[in-house]
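[1] I would like to see how this sequence folds:
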Amino acid sequence: MSDTPTRSNEDFEARLKDSDTAVADFDHAPRGMVGAIQHVLHANPTFVPVIVLLASIAVFGVVAGERFFTPFNLSLIMQQVSIIGILAAAQTLIILTAGIDLSVAAIMVLMSVISGKLAVEFGVPAPIAIVISFIGGIAAGYLNGWLVTRVKLPPFIATLGTWNVFFALNLYLSGAQSIRGSDIDEVAPLLKFFGQSIAIGSARLTYGTLLMIAVFVVLWYVLNKTAWGRHVYMIGDDKEAAELAGIQTDRTLRQVYMLAGFICALAAWASIGRVGSISPQSFYEGNLESITAVVIGGISLFGGRGSIMGALFGALIVGVFQSGLRLAGVDVLWQVFAIGWLIIIAVAIDQWIRKVSA
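    Down below sits the predicted model:
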């Protein structure tokens, strides 16, 4: 009788061992080539925009000829996407939290109008006017964040409303009149600082381009190497779970919107140098263009997934397409057509990649 319990224990341990082996085999079941690719892309969301960017450069290098690969043209692409790239960085912060900001371009133009009016028409020293525009950008971002966290409006509705408010303020403060570049040069040349450039051979990089790169590098560090950045991803992935983990989600969301507003004010300063003047109706499509760069950059519209660098690659992809198609003699209409399909394909790929975690 004493052997029976021992034998039963041995049988149970044997069955448990077989069960563990079966579970281990299930966990490591082969994915197949498509599944493996899906898993890799899920773990590395920037792979898709990088591959698309390199493929686009290769294709347009053949289609558009040698003109495409000239240092001047490549540096021109960087200049052309610099403002939308900075706006895309601000947009990325919001989208990572599962929100969206339709007012980023309106904030940017409003801050450029404010700094221009203060410096050129009211004689405020340019550095002070720029600082005031930064404060204004943060305040605008705080308004968006307050509407989302306190009034509990959906981000789409909240920022759609503030987009109209900021655009109306643009027209009111400016009187629907532009501030000429010659007036800026005479009174406040510092406002056009980011329009200056440095020569590297036959290429010319503006300070605005360098600012765009610096913004992305700083945000990459903040989002990937700080606790605050991890909180942003957690909120976008599951806000309720983030709250249960002790994260003050509403406060973090307001901080995200305020940081986005500050980045929009930086873009305002850079846009003055890029355009050479201040117009209350410039960059009217900047909101949609920033979202386009984010989506093509592989950042999920559902929040919580993607790399800030993807938005930079997304902006560059749009710039490469526009430049390559233009050099190939393609009509502007078909350039817009191509960008539209890029957006559709990018979202479809995102949906497919997300299935790996389902």
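[2] Now do the helix or strand harbouring Leu316: which elements does it pack against?
    Per DSSP states H and E: Leu316 is located in helix 308-327. Here helix 308-327 touches helix 47-63, helix 71-96, helix 207-225, helix 286-296, helix 332-354, going by 3 or more CB pairs under 8 Å, 6 or more residues apart in numbering; DSSP states H and E. (Glycine included, C-beta is placed from N, CA and C.)
[3] is it possible to export the ones you listed to TSV including mean pLDDT?
    As requested, the helices and strands packed on helix 308-327 are arranged in TSV below (pLDDT from 0 to 100):
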stretch	mean pLDDT
helix 47-63	87
helix 71-96	94
helix 207-225	96
helix 286-296	91
helix 332-354	81
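[4] So which of these is nearest Ile278?
    Ile278 lies closest, by CB to CB, to one member of the helices and strands packed on helix 308-327: helix 71-96, at 13.1 Å.
[5] Quick one: name whatever helix or strand follows that closest one.
    Once the chain leaves helix 71-96, the next helix or strand it forms, by DSSP H and E, is helix 104-116.
[6] residues of that next one that come out buried?
    Across helix 104-116, burial judged by 16 or more other CB atoms under 10 Å covers 104-116.
[7] Stretch 115-122 now?
    Buried residues in stretch 115-122, counted by 16+ other CB under 10 Å: 115-120.
[8] Dump the C-alpha coordinates for it into CSV.
    Below are the C-alpha coordinates for stretch 115-122, written out as CSV (Å, rounded to 0.1, in the frame of the first residue of the first chain):
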residue,chain,number,x,y,z
SER,A,115,5.5,86.9,-33.1
GLY,A,116,5.5,88.9,-36.4
LYS,A,117,2.9,91.4,-35.2
LEU,A,118,4.7,92.0,-31.9
ALA,A,119,8.2,92.3,-33.4
VAL,A,120,7.4,94.2,-36.7
GLU,A,121,4.4,96.4,-35.8
PHE,A,122,4.7,96.9,-32.1
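[9] hmm, back to that, for the buried residues of stretch 115-122, name the two members farthest from one another.
    Pairwise distances across these (CB to CB) peak at 9.0 Å, for the pair Ser115 and Val120.
[10] on that earlier part again, let me know the closest of the buried residues of helix 104-116 to Leu325.
    The closest of these to Leu325 turns out to be Ala105 (CB to CB; 23.4 Å).
[11] Name the nearest residue to that closest one, ignoring sequence neighbours.
    Gly286 (2.9 Å; CB to CB, 6 or more residues apart in numbering).
[12] follow-up on the earlier one: would you mind getting the angle between the helix holding Leu316 and helix 332-354?
    Here helix 308-327 runs at an angle of 150 degrees relative to helix 332-354 (axes from the mean of the first three to the mean of the last three CA atoms, to 10 degrees).
[13] Make 72 the starting number, not 1.
    That works, and once the first residue is 72, the last one we named lands at helix 379-398.
[14] Run the chain-centre distance for helix 379-398.
    13 Å (CA atoms, centre = their mean, to the nearest Å).
[15] What are the buried residues along it?
    Residues 379-398 are the ones in helix 379-398 that count as buried (16+ other CB under 10 Å).
[16] list the contacts for Phe143?
    Contacts for Phe143 (CB atoms under 8 Å, 6 or more residues apart in numbering) come out as 273-275.
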